[in-house]
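In: the sequence and its predicted three-dimensional model are supplied below.
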Amino acid sequence: MKQQICILGSTGSIGTQALDVISQHSDLYEAYCLTANNRVKELAEQAHRYHPAAVVIANESHYGQLREMMSDMPDVKVYAGASALDEIVEAGPIDMVLTAMVGFAGLSPTIHAIKAGKKICLANKETLVVAGELICRLARQYHAPILPVDSEHSAIFQSLVGEDDNEIEKILLTASGGPFRLFTREQMATVTAKDALKHPTWKMGAKITIDSATMMNKGFEVIEAKWLFGVPAEKIEVLVHPQSIVHSAVQFRDGGVKAQLGVPDMRLPIQYAFSFPKRLPLNEKRLDLFLHPLEFFKPDMEKFRCLALAYEAIRRGGNMPCIVNAANEIVNEAFRKGLCTFPAMADIIEKTMDKAVFESQPDYQTYVCTDREARRIATKLMNKQ
């Protein structure tokens with residue numbers, strides 16, 4: 001029997017690469033449901049190619065257009081809206097849910113998938129950033145395995161296979177450093193979104209590429225690693241590794257270090273999450289270590305203040321990571337639209353952290369209210385620039 005996969009965010013970078021993995025192993029996997037937020041044309045094209053049982057467009061205003069584009073495929077169910085995402089992940093035939101949606105919007109359908117006992121292939125890092133404690137508790141309660149898809153967390157996961165209860169002394173979380181690694185603060189003050197979107201090693205969506213440039217993405221990954229692997233933040237060290245070959249590593253109590261290396265491509269971690277514990281053939285470029293030096297540097301926390309703010313959010317706990325995530329989504333989009341400067345992003349996030357209501361013991365409804373409040377505060381602060 002083929003494993004049935006629901007891809008939340010099938011038209012994005014992770015989603016399209018996941019479909020390529022499914023194509024390479026069409027004897028093992030099948031796309032049961034494909035979803036998108038606004039990319040109607042791309043979603044319809046994917047549906048015609050992969051013949052899923054259902055498609056969902058999250059933005060309900062595109063429902064009529066999608067139905068029209070799918071009129072020649074009457075066997076494919078067409079749905080729209082956030083509630084449809086929550087419902088489709090619970091469908092009986094689904095074995096795995098790849099959460100590749102961007103931002104806070106991925107939280108609710110992930111929770112519904114966990115409660116339905118589905119295997120979660122987690123690519124939406126905001127889910128654990130915002131509500132890590134809640135997600136981990138629900139995963140235990142409903143016996144829903146969570147396998148990381150982020151290249152760094154997949155590398156850590158792969159390094160831990162076979163180590164059982166051996167104590168982790170330190171997680172070494174690698175970062176490319178982004179396009180502005182060698183820039184001065186003065187140079188960073190005038191960079192544009194076009195500059196920031198020129199990532200030196202990875203091809204990713206616009207939002208995560210900007211987060212990589214500010215290093216907020218790495219801060220989020222520290223939070224994610226804390227919850228995935230049960231390691232406190234002070235035992236998670238960020239290493240700037242410009243070549244993006246060592247995807248991350250684990251240091252054990254005897255001083256031994258295990259790392260996972262590979263070319264900068266997401267197909268391997270996607271496939272590993274699908275196939276674990278097996279390794280399947282993958283028709284992709286191979287790593288040639290003769291061609292790549294391996295360099296490592298300490299991150300500059302003063303120049304990349306977003307990384308420092310993420311660590312501060314971990315230290316304060318509660319709903320503070322949710323506040324940081326919401327403010328970051330606002331300023332990230334604003335920077336891409338040319339509405340705020342690169343340095344202003346960290347300023348607005350920090351001020352939002354000071355102004356938003358702090359809750360030390362949040363539940364799901366607290367996260368929803370916090371997200372809404374922090375977005376309002378960050379938007380107001382941005383408009384005052």
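Out: Nice, thanks for sending it over. Numbering: from 1, shown residues only.

In: which stretches of the stretch 101-250 of the chain form strands?
Out: Using DSSP state E, counting those that start in this stretch, the strands of the stretch 101-250 of the chain run over residues 119-122, 146-148, 168-175, 236-240, 246-252.

In: go through these and pick out the most buried.
Out: Mean neighbour count (mean count of other Cβ atoms under 10 Å) peaks for strand 119-122 among those, with a mean of 24. In this view, the C-beta of every residue, glycine as well, is placed from N, C-alpha and C.

In: any idea how far that one is from the chain center?
Out: Distance of strand 119-122 from its chain centroid, counting by Cα atoms, centre = their mean, to the nearest Å, is 12 Å.

In: quick one: list the elements packing against that strand.
Out: The contact analysis (3 or more Cβ pairs under 8 Å, 6 or more residues apart in numbering; DSSP states H and E) places strand 119-122 against strand 96-99, helix 107-115, strand 146-148, helix 267-275.

In: dump these to a markdown table, plus distance to residue 41 and mean pLDDT.
Out: What follows is the helices and strands packed on strand 119-122, written out as a markdown table (distance: least, Cβ to Cβ, whole Å; pLDDT from 0 to 100):
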| stretch | distance to residue 41 | mean pLDDT |
| --- | --- | --- |
| strand 96-99 | 21 | 98 |
| helix 107-115 | 23 | 97 |
| strand 146-148 | 31 | 97 |
| helix 267-275 | 23 | 97 |
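
In: in a markdown table: those, plus distance to residue 211.
Out: What follows is the helices and strands packed on strand 119-122, written out as a markdown table (distance: least, Cβ to Cβ, whole Å):
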| stretch | distance to residue 211 |
| --- | --- |
| strand 96-99 | 17 |
| helix 107-115 | 17 |
| strand 146-148 | 17 |
| helix 267-275 | 18 |
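
In: right, so of those, which gets closest to residue 63?
Out: Among the helices and strands packed on strand 119-122, the nearest to residue 63 by Cβ to Cβ is helix 107-115 (17.5 Å).

In: returning to what we had before: now the strands of the stretch 101-250 of the chain as a markdown table including distance to residue 378?
Out: Output for those, formatted as a markdown table (distance: least, Cβ to Cβ, whole Å):
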| stretch | distance to residue 378 |
| --- | --- |
| strand 119-122 | 25 |
| strand 146-148 | 28 |
| strand 168-175 | 24 |
| strand 236-240 | 24 |
| strand 246-252 | 30 |
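
In: tell me, how many residues neighbour the nearest residue to residue 89 once chain neighbours are set aside?
Out: Nearest residue to residue 89 in three dimensions, chain neighbours excluded: residue 113, at 4.0 Å (Cβ to Cβ, 6 or more residues apart in numbering). Applying other Cβ atoms under 10 Å, we find 27 residues neighbouring residue 113.
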